[in-house]
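>>> quick check, what structure comes out for this input:
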Amino acid sequence: MNFFNFFKHLPFLLLLFTFLSLTPACAQTESEKKVADFFVDLETFTKVFSHIKQLYVDETTNPELFEHAIKGMVKGLDPHSDYLKPKEQKNLLESASGKFGGLGIVIGKKDEGITVISPIDDTPAYRAGIQAGDLIVKIGNKSARGMTLEDGVSLMRGKPDTTIELTIVRKNKKPFKVKITRQIITITSVKGYLLADGIGYIRISSFQTPTVNLLKTTLKKLVIENKNPLSALILDLRNNPGGVLNGAVDVSNLFIKKAGLVVYTKGRIPNSNIEFKTKPGDILHGVPMAVLINEGSASASEIVAGALQDHKRAIVMGQTSFGKGSVQTIIELPDGYGLKITTARYYTPSGRSIQAKGIEPDIVLKNISLENEKEGSVINTKESDLSGHLEVEDPSKLSPEEILEVQEDKKIQENEKTIERLKKDYFVHEASNLLKALNVLNSKK
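Predicted structure coming up:
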């Protein structure tokens, strides 16, 4: 590591520090003062380093202490910057690929604990009822207090079909335990359904490079199913933790007709100052739109909501979003290590910072839940609870044609159940009513 080379020259550096300290203050330039201040801080570091080496209860090695020092230095910047060990770097790359073994939740740090930013659709965590804002206090038999995100991820990931128990604290509820079986997590980022009166409903669970093409295909299918152009669209970004920036920009551009910006970033170095401009052309030709967000909507989903809100293209409904408005750059280091560092902040077209503020909805909705679980209970997910599980009937007794027919019937039934569930969803219900009213008003003009 570079730190070892740095400390080889420590005697010379300390000699230079002594010389600078003896230079009269009036004769010191601003540059010399900065160097002198640097060595004052370095002297403190070396004293602490020396005390640890001499006094700590267990013997420590130089590489261990340097690694702890670097990690602490980076983690002290903000919750999203990190010094990555080779295994952590590998986990990050697996997450970016969209396929990994685990529970299917995006987590973040809150105070000394681990909080759920959002569960990912159709994953074990989602089916177990994990919600945005849940505080994870124990993972298995280990306390999550003071645990790093990387350690939390490492404990929750594992081989498919193995089980982990999480202890959850949720607002207005007693702590309860949830047993979840790990699976290979493959994210399907876009799903769409046709609601009543030609209102399309599209759910984007995360932003990936293919998301915009999936969205176009889904919209075409809804138009064919409706046998007419859609009269309105609900874009559901609740519990969407974000993803690829370009995916968010491309999705926003599908609906924005005016020239301008989708989002821009500002940082300390010129390369961090980037403008992402609109590509005028509204795929829906101006039909009313509602965007649903909640506290689990973060990063790229906040960019889309903010862009459509600032361009007055959609009415944003729900709850104030998470507020993750910073850009992280990954720098590869020797020996498989990596540095993930925050290099810029996101701003909406009108200049609003998303960081730590989030996107405020135009219409606030209460999080009304029909959930009726017993507090403190243990929730277990079974095979029979999983979407598309195998039935008891032996499939080998069916012909290939019969198997296809059964699968198609099941798909139709699942779609019907999903649509019925969406109609009972309070956010979707309110958005549908608003869009119907807007269509009535537009028809009278």
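>>> domains for the chain, by residue range?
2-60, 82-186, 190-371+422-443 (automatic domain parsing).
>>> run a quick neighbour tally on residue 63.
Applying other C-beta atoms under 10 Å, we find 11 residues neighbouring residue 63. Every C-beta, even on glycine, is put in place using the N, C-alpha and C of the backbone.
>>> my error: substitute residue 178 in the last question.
22.
>>> which of the helices or strands spans it?
If you go by DSSP states H and E, residue 178 is part of strand 176-181.
>>> following that strand, which helix or strand comes up?
Next helix or strand after strand 176-181 toward the C-terminus (DSSP H and E): strand 183-186.
>>> and that following strand, how far out from the chain middle?
Put simply, strand 183-186 sits 17 Å off its chain's centre (C-alpha atoms, centre = their mean, to the nearest Å).
>>> now do stretch 243-259
18 Å.
>>> what sits up against that stretch?
Applying C-beta atoms under 8 Å, 6 or more residues apart in numbering, the external contacts of stretch 243-259 come out as 189, 204, 206-209, 211-212, 215-216, 242, 262-263, 276-284, 286, 289, 299-301, 303-304, 307-308, 311, 313-314, 327.
>>> for residue 69, which of the domains of the chain is the nearest?
domain 2-60 (7.6 Å; C-beta to C-beta).
>>> what residues of the strand holding residue 178 count as buried?
176, 178, 180, 181 (16 or more other C-beta atoms under 10 Å).
>>> between the residues you listed, which is closest to residue 89?
residue 180 (25.6 Å).
>>> and the gap between the closest one and residue 301?
Distance from residue 180 to residue 301, counting by C-beta to C-beta, to the nearest Å: 24 Å.
>>> residue 366 now?
20 Å.
>>> now do residue 53
47 Å.
>>> what do you get for residue 415?
24 Å.
>>> with residue 318 instead?
For residue 318 relative to residue 301 (C-beta to C-beta), the value is 11 Å.
>>> need the residues touching each of the two.
Counting by C-beta under 8 Å, 6+ apart, the residues touching both residue 318 and residue 301 are residue 293.
>>> the two: who's more crowded?
residue 301 (33 against 28).
>>> where's the more buried one, which helix or strand?
Assigned by DSSP H and E, residue 301 falls in helix 300-310.
>>> counting contacts, what elements does that helix pack onto?
Here helix 300-310 touches helix 245-253, strand 261-266, strand 289-293, strand 315-318, going by 3 or more C-beta pairs under 8 Å, 6 or more residues apart in numbering; DSSP states H and E.
>>> recalculate using a threshold of 10 Å.
Judged by 3 or more C-beta pairs under 10 Å, 6 or more residues apart in numbering; DSSP states H and E, helix 300-310 is in contact with strand 199-204, strand 232-236, helix 245-253, strand 261-266, strand 289-293, strand 315-318, strand 338-347.
>>> how far does that helix sit from the chain's center?
15 Å.
>>> just want the angle from it to strand 232-236.
Angle, helix 300-310 to strand 232-236, by axes from the mean of the first three to the mean of the last three C-alpha atoms, to 10 degrees: 150 degrees.
>>> for helix 300-310, the averaged confidence score.
Across helix 300-310, the average pLDDT comes to 97.
>>> what's the neighbour count on residue 42?
Neighbour tally, residue 42, other C-beta under 10 Å: 15.
>>> what helix or strand is it on?
With DSSP H and E as the criterion, residue 42 is inside helix 30-55.
>>> need the max-distance pair from the buried residues of strand 176-181.
Greatest spatial distance among these (C-beta to C-beta): 176 and 181, at 17.5 Å.
>>> for residue 423, give me its contacts.
With contact taken as C-beta atoms under 10 Å, 6 or more residues apart in numbering, residue 423 is in contact with 193, 195, 196, 201, 429, 432.
>>> how about a markdown table for those, with distance to residue 142, neighbour count and pLDDT added?
Shown next, in a markdown table, are the contacts of residue 423 (distance: C-beta to C-beta, whole Å; neighbours: other C-beta atoms under 10 Å; pLDDT from 0 to 100):
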| residue | distance to residue 142 | neighbour count | pLDDT |
| --- | --- | --- | --- |
| 193 | 40 | 22 | 96 |
| 195 | 44 | 22 | 95 |
| 196 | 48 | 9 | 89 |
| 201 | 40 | 26 | 97 |
| 429 | 41 | 15 | 94 |
| 432 | 44 | 21 | 96 |
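>>> ok, those residues vs residue 338, which is closest?
residue 201 (39.1 Å).
>>> how much space between that closest one and residue 70?
47 Å.
>>> with residue 153 instead?
For residue 153 relative to residue 70 (C-beta to C-beta), the value is 20 Å.
>>> quick one: which of the two has more around it?
Neighbour comparison, residue 153 and residue 70: the larger count goes to residue 153, with 20 against 17 (by other C-beta under 10 Å).
>>> mind checking pLDDT for the more buried one?
So residue 153 comes in at 86 (pLDDT).
>>> buried residues, the strand or helix carrying it. List them.
Using DSSP H and E, residue 153 sits in helix 149-156. The neighbour-count check on helix 149-156 (16+ other C-beta under 10 Å) flags 149, 150, 152, 153, 155, 156 as buried.
>>> which one of those residues is nearest to residue 342?
residue 149 (14.4 Å).
>>> my guess is that closest one contacts residue 107, does it?
Yes. Contact criterion C-beta atoms under 10 Å: residue 149 and residue 107 qualify, at 6.2 Å.
>>> what sits in contact with each of the two?
Counting by C-beta under 10 Å, 6+ apart, the residues touching both residue 149 and residue 107 are residue 114.
>>> where does the stretch 301-445 of the chain dip in pLDDT?
369-411, 445 (pLDDT under 70).
>>> repeat that with 50
The model of the stretch 301-445 of the chain has pLDDT under 50 over residues 370-396.
>>> now do the strands in the stretch 51-200 of the chain.
82-84, 99-102, 105-110, 113-119, 135-139, 142-143, 163-169, 176-181, 183-186, 190-194, 199-204 (DSSP state E, counting those that start in this stretch).
>>> mean pLDDT lowest for which of the ones you listed?
strand 99-102 (a mean of 70).
>>> run through the bridge partners of the residue nearest to residue 124 when sequence neighbours are not counted.
Distance criterion C-beta to C-beta, 6 or more residues apart in numbering; nearest residue to residue 124, sequence neighbours excluded, is residue 180 at 4.8 Å. Applying DSSP bridges to residue 180 gives these bridge partners: residue 164.
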